[in-house]
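Engineer: predicted coordinates and the sequence they were generated for:
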Amino acid sequence: MNETTIEWLARWAAELRFEDIPERVKAKARLQQASVIAASFAGLHDDGARRVIDATRKHGGNGGARVIAGGFRTSRPAAVLANASVSCTFDYDEILLLGHPGHSSVTVPLVLGEELGASRDDILAAQVAANEIQGRLGLATFLGPQNGQMLPYLHCAGAAIAAGRLLRLNAKETAHALAVALAQPPAALWPAFLGSMDGKILTAAHGASAGVFAAELAAEGFTGALDLLDHERGFFHRFTFVPFHGALTGLGRAWLTDTLQVKLHAACWYYQGLLDALHDAVGRVSRERGRALRPSDIRRVTCRVTALAKAVDASEGGGSRGRLLANEVNFSIPAAVAVMLLRGQLLPADLTAHRLNEIERDVRELAARVEVVHDRAMTGNMLRSVDEAIDVVSLAAPVSGRELAAAGRAARREFPRASVLDARDLMAILPALPRLVRRHRAAREASYDLGDRPVEQCVLSIPGAFEIELADGRRLEGEGVVPEGALSLAGAAQKVAAKLCSSSHEILSESDIERLWNAITNAKTGVSIDELAAALDAVPAGQRRFDRR
């Protein structure tokens, strides 16, 4: 009855049984594994990721922990850091509501599970438990100084939970592991995230390392501050402008793993719907012409996006323009659109230093013709899809209107370039305010429980649209609403399989890729890790067959 928040989160995670996880959630978790492994292989296109792998091979020491894309084993700490880094390259990961958990929630269970001889069931349960805790902490801290993928403290929690399960920690030990992992949580700084490509790939690495080490310490009796999520000067004081404590509820009844969306393009999640539509249109025109598009074919491009997409693009656009880097393409809408127009796709293989150098002049020329505008209707559609899933107004009900207003002002100060709403946008909100105020007042009378919300029905809308004026006077238009990588959509498995194939075909044979896919998606219970381990053993050490250009 006197449990702290950390204690009851840890108790749920420690006591979760594999058979209690719905089959649809397990299926999505397996596809998440395939996506993270694909992102890890794709990371080998980057010089920074290869440096991490080379340093791990040189300095990591001996051990039985696998570096997934490296084709070798090393010490556990070195492998955890390397895997969390390489999977983070090119922004080619996946997301759920709310966070990018797979860099730790997938890599840590796979590596520790194989090293410790766990079953596939144990590994998947550890992954889902980590997803659920990370997603809730991300949602609880949405209004804070860290945002999007810049929530490295989530990986402290996810890695501690996953490692705790595989190390067989009890509820009390898991609570201390979580408390120790979050005791000195890492933060991400904008210049390192949107600037240096090498620095950005370490976003999840230190948190994942801290989480695993915390679980190992807890197994030896090491203790932490169990009131860390409740104390007035604790975690939420530092990482939110206003916390949404209701996001931490509903464990075992609402599964945030249900909201997973896999990125099919190497770019920010907020751009995926736009890039889906653009990919289809560019493919049609290129086939008609029998060649790729050129800058001379395109007069101008207008992209309509949500407020969040416009905010990320505006933040990235505030940096200096030096040599074209993959990180700029990942987060700049004009640069991403330009590469898509020229290459017909936006995959990690298109973003190597060599290939970007080849097309930099054309990318700069085309990007200068791309206009990015905020579309209020799209922002409204996105917010409605989230509200229908989790009831945002009720989630925020314990917070007063004055506190929400103060949080909004703090967010504008923290992200000055991301403040894209103008007077017309604010005026458009006014007619809805009375209804929202009534909902807010009514919700304050009841306690919020995420488990009462239809999260399993949530298919997050992240719309984006374009209009292209060609030099010959023709106009192309298109719009994407729900990103095609959403795992709740029909055909999601085929999309993820294609991602795994495109990311691994330069290092694995066709038969090896098929073997890996079958091992990942094997839904039989009680299966050992051996089948998946054998498939990963085909990854060559040193990437001798990989295109290093």
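Structural biologist: Happy to help now that I have it. The structure presented is a predicted model; accordingly, all values stated were derived computationally and were not measured.
Engineer: contacts only, for the residue nearest the centre of the chain.
Structural biologist: Using C-alpha atoms, centre = their mean, the residue of the chain that lies closest to the mean C-alpha position is residue 100, 2.5 Å off. Listed by C-beta atoms under 8 Å, 6 or more residues apart in numbering, the contact set of residue 100 reads 93-94, 148-149, 151, 154, 204. To be clear about C-beta, it is placed using only N, CA and C from the backbone, and glycine gets the same treatment.
Engineer: kindly report the same for residue 89.
Structural biologist: Contacts of residue 89 by C-beta under 8 Å, 6+ apart are 39, 42-43, 45-46, 48-49, 201, 348.
Engineer: now flag whichever of the contacts of residue 100 is closest to residue 382.
Structural biologist: The closest of the contacts of residue 100 to residue 382 turns out to be residue 148 (C-beta to C-beta; 14.3 Å).
Engineer: could you report the separation of that closest one from residue 398?
Structural biologist: 24 Å (C-beta to C-beta, to the nearest Å).
Engineer: neighbour count winner among those two?
Structural biologist: For residue 148 versus residue 398, the count of surrounding residues by other C-beta atoms under 10 Å is larger for residue 148: 21 against 16.
Engineer: which one is that one nearest to, not counting chain neighbours?
Structural biologist: residue 312 (7.0 Å; C-beta to C-beta, 6 or more residues apart in numbering).
Engineer: the one you found falls within a helix, correct?
Structural biologist: Yes - according to DSSP: H, G, I helix; E, B strand; the rest coil, residue 312 belongs to a helix.
Engineer: hmm, residue 150 and it touching each other?
Structural biologist: No - Residue 312 lies out of contact with residue 150 (C-beta atoms under 8 Å); the separation is 10.6 Å.
Engineer: settle it for me: which of these two has more neighbours?
Structural biologist: Neighbours were tallied for residue 312 and for residue 150 using other C-beta under 10 Å; the higher tally belongs to residue 312 (29 against 19).
Engineer: got a list of what the more buried one touches?
Structural biologist: Here residue 312 is in contact with 148, 268, 270, 331, 418 (criterion: C-beta under 8 Å, 6+ apart).
Engineer: repeat that for residue 407.
Structural biologist: Here residue 407 is in contact with 143, 241-242, 399 (criterion: C-beta under 8 Å, 6+ apart).
Engineer: residue ranges with poor pLDDT in the stretch 201-350 of the chain?
Structural biologist: 318-321 (pLDDT under 70).
Engineer: returning to that earlier point: farthest-apart pair in the contacts of residue 407, please.
Structural biologist: Across the contacts of residue 407 (C-beta to C-beta), the longest gap, 10.0 Å, separates 241 and 399.
Engineer: circling back: same list (the contacts of residue 100) but as TSV, adding distance to residue 518 and secondary structure.
Structural biologist: TSV is the format used below for these (distance: C-beta to C-beta, whole Å; DSSP: H, G, I helix; E, B strand; the rest coil):
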residue	distance to residue 518	secondary structure
93	23	coil
94	21	strand
148	34	coil
149	30	coil
151	33	coil
154	31	helix
204	28	coil
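Engineer: can I get these in CSV with distance to residue 474?
Structural biologist: As requested, the contacts of residue 100 are exported to CSV (distance: C-beta to C-beta, whole Å):
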residue, distance to residue 474
93, 36
94, 36
148, 36
149, 37
151, 43
154, 45
204, 44
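Engineer: out of those residues, which one has the weakest pLDDT?
Structural biologist: Taken together, the contacts of residue 100 show their lowest pLDDT at residue 148, with 78.
Engineer: for residue 515, state which of the contacts of residue 312 is nearest.
Structural biologist: Taking the contacts of residue 312 together and measuring to residue 515 by C-beta to C-beta, the closest member is residue 268, at 32.6 Å.
Engineer: residue contacts, that closest one?
Structural biologist: 91, 148, 309, 312, 330-331 are the contacts of residue 268 under C-beta under 8 Å, 6+ apart.
Engineer: apply 10 Å and report the result again.
Structural biologist: Residues near residue 268 by C-beta atoms under 10 Å, 6 or more residues apart in numbering: 91, 95, 148-149, 275, 308-309, 312-313, 316, 330-333, 336, 462.
Engineer: biggest separation within those, which pair?
Structural biologist: 95 and 332 (18.9 Å).
Engineer: higher neighbour count, those two?
Structural biologist: A count of neighbours by other C-beta under 10 Å puts residue 332 above the other of residue 95 and residue 332, at 29 against 26.
Engineer: so that one makes contact with residue 317?
Structural biologist: Yes - using C-beta atoms under 10 Å, residue 332 is in contact with residue 317, at 6.4 Å.
Engineer: now do the shared contacts for those two.
Structural biologist: 194, 372.
Engineer: for the residue of the chain positioned farthest from its centre, which non-adjacent residue is closest in space?
Structural biologist: In the chain, counting by C-alpha atoms, centre = their mean, residue 472 sits farthest out from the average C-alpha position, at 39.6 Å. Once flanking residues are discounted, residue 472 sits nearest to residue 297: 7.9 Å by C-beta to C-beta, 6+ apart.
Engineer: I appreciate the help and will end here.
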